[in-house]
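1. Generate coordinates for the sequence data below:
(chains A and B)
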Number of protein chains: 2
Amino acid sequence: MNRAKIRVFVEDDLGAGETLNLAGHAHYLTNVMRLQVDAEIAVFNGRDGEWTARLVEAGKRRVTAQCLTRTLDQSTPPDLWLLFAPIKKARTDFIVEKATEMGARRIQPVFTRFTNSERVRPEKLHAHCIEAAEQCGGVFVPELSDPAPLDKVLDYWPQDRKLMFCDEMSARMDTLDALRSTGGDKWAILIGPEGGFAADEAARLRDMAQTVPVNLGPRILRADTAAVAAMALWQVALGDWRA
Amino acid sequence: MNRAKIRVFVEDDLGAGETLNLAGHAHYLTNVMRLQVDAEIAVFNGRDGEWTARLVEAGKRRVTAQCLTRTLDQSTPPDLWLLFAPIKKARTDFIVEKATEMGARRIQPVFTRFTNSERVRPEKLHAHCIEAAEQCGGVFVPELSDPAPLDKVLDYWPQDRKLMFCDEMSARMDTLDALRSTGGDKWAILIGPEGGFAADEAARLRDMAQTVPVNLGPRILRADTAAVAAMALWQVALGDWRA
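-> From the prediction side, this is the model:
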């Protein structure tokens, strides 16, 4: 089972013969996994694919490895952003993890009128993205944008980026057709907060030329469920899950 | 925001004038939510839709209510089962919650060769289904089958129930076409354990006439992510998310 192999994210450039400083992973590699010199691990940096590396030093603090051969080419998911309103911590972590697995290029937390905005710590969310990529064999880590008010994000919304607006009030059930007929390769998905959008927020969203309102079925979904479901529909309609 | 209303699941039959025994919810209703006599709540039992009920007694132990008017008709999701291999507790709870939101009729935990079978407590999972339905405004609670070995479940697999087999090894990317062209209204989705299926398990699954292997994209998904994504694709292709 290849998937059980030890994979770590590094900042360094990867290439045959490069020496990697793994001090940041020392506890995990030498205490938790009990690796010793000559052990082989997988490394990725989000840019250069996945490589095999062999430990050269395996101390309590100092761990270095030599980069050997590339095992996976770099791949980048489609140009899809996920915008979501932060919810309570465990579920926010979960959304970020799921966005990584489902192939978001960028994640943007947005504060809406009804966001129960517990403090969002971007560096923690970034760590969750990395962990998700490490565990799921990914070679790409989504970019995490600083949390911002929804209104500000919409003020600067790119003309050429479509916005899949998951709108409980939308009567439109032909989600796949709506996505496919709109087409284009720059998209974002917007998932609302648990309390829904304020009326004027929803009205502004519906008025934007870039918006494609979609409906996610007859049952009310939590934000984290909606994020995964919406990304699955987008990937199969327009992304890299297409036939 | 209607969704903030207090909703509880009851076993009793619901109908105008019925008296409901809410002793099982006494702590939540009177201590946590501090409701008093005459407060109105929403109740559902999975069979009779959602009703408004007014508290008649609101004691520490004894809480009763009178059922007033129906606020939602009963609705039942499509005939979709979710089969999944239990994983660590938090994620198993999560799968059960998500299956409820996404509209599974029945949930069947299965033990596979590579299942890290921590103990599964069906009564706890059932409580999670109820909680998910309470919080998401649902009026249906999925049936929870006793955990069973996958082999046994397949030994008695119904002739007329299709099996959407989420198979990482499947090269077939046309998931929606595969589902639609198979058609039918009795289905199940099978999500494998973190370590994947054993070779003979996968071979047996692929050999079954009822099996429709599908691929969930180029990234490896955790079991809980795969469950939500697969249900979204099924609902939009064959279930009640169709146009």
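
2. Flag the shaky bits of chain A, pLDDT-wise.
-> Where chain A drops to pLDDT under 70, the residues are A:1-4, A:117-118, A:171.

3. care to break chain A down by domain?
-> The record, using automatic domain parsing to delimit domains, assigns chain A the ranges A:2-72, A:79-237.

4. Columns distance to B:Ala223 on top of the ones you listed, output as CSV?
-> Just so you know, the C-beta spots here come from the backbone N, C-alpha and C atoms, and that holds for glycine as well. Formatted as CSV, the domains of chain A follow (distance: least, Cβ to Cβ, whole Å):
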stretch, distance to B:Ala223
domain A:2-72, 12
domain A:79-237, 11
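
5. I'd like those written out as TSV, with mean neighbour count and distance to B:Gln66 added.
-> Written out in TSV, the entries for the domains of chain A read as follows (neighbours: other Cβ atoms under 10 Å in any protein chain shown; distance: least, Cβ to Cβ, whole Å):
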stretch	mean neighbour count	distance to B:Gln66
domain A:2-72	16	56
domain A:79-237	19	27
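
6. could you measure the most centrally placed residue in chain A against B:Thr19, distance?
-> With the centre of chain A defined as its mean C-alpha position, the nearest residue by Cα atoms, centre = their mean is A:Thr100, 3.0 Å away. When Cβ to Cβ, to the nearest Å is the yardstick, A:Thr100 and B:Thr19 sit 51 Å from each other.

7. go on, A:Pro122?
-> Distance, A:Pro122 to B:Thr19, using Cβ to Cβ: 53 Å.

8. swap in A:Asp174?
-> 45 Å.

9. mind listing the strands in chain A by residue range?
-> If DSSP state E is used as the criterion, the strands of chain A fall at A:7-9, A:19-21, A:40-44, A:50-58, A:63-72, A:79-84, A:106-111, A:143-144, A:148-149, A:162-166, A:186-191, A:211-214.

10. Tabulate those strands (CSV), appending distance to B:Ile191.
-> Putting the strands of chain A into CSV (distance: least, Cβ to Cβ, whole Å) gives the following:
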stretch, distance to B:Ile191
strand A:7-9, 22
strand A:19-21, 35
strand A:40-44, 25
strand A:50-58, 25
strand A:63-72, 24
strand A:79-84, 22
strand A:106-111, 25
strand A:143-144, 28
strand A:148-149, 35
strand A:162-166, 23
strand A:186-191, 23
strand A:211-214, 24
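
11. To chain B, which of those strands lies closest?
-> strand A:211-214 (10.0 Å; Cβ to the nearest Cβ).

12. Walk me through which strands the closest one pairs with, and which way each runs.
-> For strand A:211-214, sheet partners with direction are given as strand A:162-166 (parallel), following DSSP bridges.

13. Please enumerate residues in contact with the partner strand?
-> With Cβ atoms under 8 Å, 6 or more residues apart in numbering or on different chains as the contact definition, strand A:162-166 has outside contacts at A:157, A:179, A:182, A:184, A:186-192, A:205-206, A:208, A:210-216, A:226, A:230, A:234.

14. Next, the angle strand A:79-84 makes with it.
-> With axes from the mean of the first three to the mean of the last three Cα atoms, to 10 degrees as the basis, strand A:162-166 and strand A:79-84 are set at 40 degrees to each other.

15. Next, the angle from strand A:162-166 to strand A:186-191.
-> Our comparison of strand A:162-166 with strand A:186-191, counting by the same axes, to 10 degrees, yields an angle of 20 degrees.

16. Please export the C-alpha coordinates of strand A:162-166 as CSV.
-> Extracted in CSV, the C-alpha atoms of strand A:162-166 (Å, rounded to 0.1, in the frame of the first residue of the first chain):
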residue,chain,number,x,y,z
LYS,A,162,-17.5,32.9,-12.7
LEU,A,163,-19.0,32.5,-9.3
MET,A,164,-21.0,29.3,-8.4
PHE,A,165,-23.3,30.7,-5.8
CYS,A,166,-24.8,27.9,-3.6
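
17. measure A:Met231 to A:Phe197 for me?
-> Distance from A:Met231 to A:Phe197, counting by Cβ to Cβ: 19 Å.

18. just to revisit the earlier point, right, so of the strands of chain A, which gets closest to B:Phe44?
-> In this view, the strands of chain A are compared for proximity to B:Phe44 by Cβ to Cβ, and strand A:162-166 is the closest at 24.7 Å.

19. How far does the closest one sit from its chain's centre?
-> Taking Cα atoms, centre = their mean, to the nearest Å, the mean C-alpha location of strand A:162-166 is offset from the chain mean by 17 Å.

20. Kindly report the same for stretch A:95-112.
-> From the chain centre to the centre of stretch A:95-112 is a distance of 4 Å (Cα atoms, centre = their mean).

21. ditto for stretch A:101-114
-> How far stretch A:101-114 lies from its chain's middle: 8 Å, per Cα atoms, centre = their mean.

22. need the contact list for the closest residue to A:Ala232 other than its chain neighbours.
-> Residue nearest to A:Ala232 in three dimensions, not counting chain neighbours: B:Ala229, with 3.8 Å by Cβ to Cβ, 6 or more residues apart in numbering or on different chains. Counting by Cβ under 8 Å, 6+ apart, B:Ala229 makes contact with A:Met102, A:Val228, A:Ala229, A:Met231, A:Ala232, B:Leu216, B:Leu221.
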